[in-house]
Structures are given as structure tokens and as C-alpha cells.
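Undergrad: Based on what follows, work out the 3D shape:
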Amino acid sequence: MKRIRRKTKRRIILGAIAVAAVLLIILIVNGVRSIFTGHPDTSAGVEYIQQEEAGDVAAIEAKISQLEAQDNNGEDTRSLKEKFMGAVVVGDSITEGFAEYDVLNASSVVAQIGVHLTELDDMIAKVKELSPGIVFLSLGMNDVTATNGDTEQFTSEYKAVIEKFQEEVPDAHIFVNSIFPVQDSASSEEAALASIPQYNEALQTLCESMSVGYIDNTDLVQDQYYEQDGIHFKSEFYPIWGENMAEVAAL
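TA: Numbering: from 1, shown residues only. Below you'll find the predicted structure:
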């Protein structure tokens, strides 16, 4: 259906271009005639062409809107891969699941297992090459344990990362994902993970101070989505997370 819609749009637009071209030729012919027959007033003809072109554009836009309404009844039927074209999700092993489970295209995911906020130079360079319009950051899980409760150090390092992205990809809109909560089994093995709520509070405050979008994913998580380690997620969680990011960023 989308292919049919594109073909129909193309035909309408080409038809409008053809009409404009014919009218332009008529105007040129009349201009040549005026060389030999005097200088008639062409203002009426110019006005006519302008009116016709304006009418064609309005008709095209109305027709396209009508076709879109007929095709999907106003519902967004795009896949997540389509929505995230021109966007990149940057993160660690949790983010890598988007590509591993084929939820997003590989070009929309820049992730590295075990990465810390101070180790992102290569990933930032890759994002710069992709030149996305939107960058979603999903970092910090590994840094919660690395900073061992020091939220000031954490926010300082995260701020430097955001500033680096703003410098290297200045035209991109940046959104920061909250750090996902872990199950009790994970925090019992690594006590620092129990302080994730405090880290998220500090991260949200940082985003507000930098006028950067903050995405709170805490309520998305349910026990059935966790892998056995209580930290990573099963494949069925990624479409839920992706749709939440898409909605917040109006993709």
C-alpha cells in the first residue's frame, strides 16, 4: 500500500510540474511575439500562472493528505526500524540488544559491552560519521558500580559526554535514557546497584540544567522482561523500550 501511495504522489507531483512547464512555454512564446508586435501587458498572464501554480500545490497537498488518510486511517503503521531512521541509540550491552534481536537496524545502534562514560571516544566518532538527527544515550549502568555511590563524579562524567556529543554532532537532538533498575538478586550481589534511583535523580537534574531531554523508562520494566542476571533484558522488552523513546522524541 505504501508503494502505491508513493507512486500516486509521484504522478500527482509530475503532473503539476508538467502543467507549470506548459504555462511557462506559453509565456515565453508570448514574450517572443512581443518582440515583433510591440510590448503587450503580460501582467495578467503572469498572475494567471501564479494562481495556477498555487492551485496545483494546494491540490497536491490535499490529495496527498487524502491518500494518507485512506491508507492507514490516521494510524502510524511504521516499524521501529523506520521510525529510527536518522536516529542512533548509544549505549552498553543492554543497548546492544536492539541490534542483537533485530529490533533496530545496525546503523541505528552504537553499543559496546562494558563501556564506561570515560571510554566513548571511538563510539562518538562513529556517531559523527552516521550524522544522525537524534541521539539517544543509554549509559551509566557500568558507571554506577565504578563510581560506587559518588553521584557527583557520575554527573560530571556524563556532562562531559553530552558536551562532546553536542560538539561533534551539533545538529543532533540529544535524549538521555534513565538507568534501568535491576532486580533484587542483582543488587544483592553488587550493592552499588541499589543506588540506581539516586543516580537517576542526579541524571535528571543534569539534563534539566543542560536543556537535554530526559527519558524515564523505570515504569516500563517488569519482572518477566529480565534475563536471569536481573540486569539485562529479553527480546520482548526492546520494542516496548523503543516505542517509548520514539514517542518522547516524536519520531
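Undergrad: was I right about residue 185 contacting residue 231?
TA: No. Between residue 185 and residue 231 there is no contact under CB atoms under 8 Å: 9.4 Å. Bear in mind the C-beta positions are built from the backbone N, C-alpha and C, glycine included.
Undergrad: So which of those two has more stuff around it?
TA: Each of residue 185 and residue 231 has its neighbours counted (other CB atoms under 10 Å); residue 231 has more, 20 against 12.
Undergrad: so which strand or helix has the more buried one?
TA: Per DSSP states H and E: residue 231 is located in neither a helix nor a strand.
Undergrad: In contact with it, which residues?
TA: 94, 141, 180, 182-183, 186, 193 (CB atoms under 8 Å, 6 or more residues apart in numbering).
Undergrad: could those residues go into JSON lines alongside neighbour count and pLDDT?
TA: Shown next, in JSON lines, are the contacts of residue 231 (neighbours: other CB atoms under 10 Å; pLDDT from 0 to 100):
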{"residue": "94", "neighbour count": "22", "pLDDT": "97"}
{"residue": "141", "neighbour count": "24", "pLDDT": "96"}
{"residue": "180", "neighbour count": "22", "pLDDT": "97"}
{"residue": "182", "neighbour count": "22", "pLDDT": "96"}
{"residue": "183", "neighbour count": "16", "pLDDT": "96"}
{"residue": "186", "neighbour count": "17", "pLDDT": "96"}
{"residue": "193", "neighbour count": "21", "pLDDT": "95"}
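Undergrad: Generate JSON lines for those, with distance to residue 135 and secondary structure as supplementary columns.
TA: Shown next, in JSON lines, are these (distance: CB to CB, whole Å; DSSP: H, G, I helix; E, B strand; the rest coil):
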{"residue": "94", "distance to residue 135": "17", "secondary structure": "helix"}
{"residue": "141", "distance to residue 135": "18", "secondary structure": "helix"}
{"residue": "180", "distance to residue 135": "19", "secondary structure": "coil"}
{"residue": "182", "distance to residue 135": "25", "secondary structure": "coil"}
{"residue": "183", "distance to residue 135": "29", "secondary structure": "coil"}
{"residue": "186", "distance to residue 135": "28", "secondary structure": "helix"}
{"residue": "193", "distance to residue 135": "26", "secondary structure": "helix"}
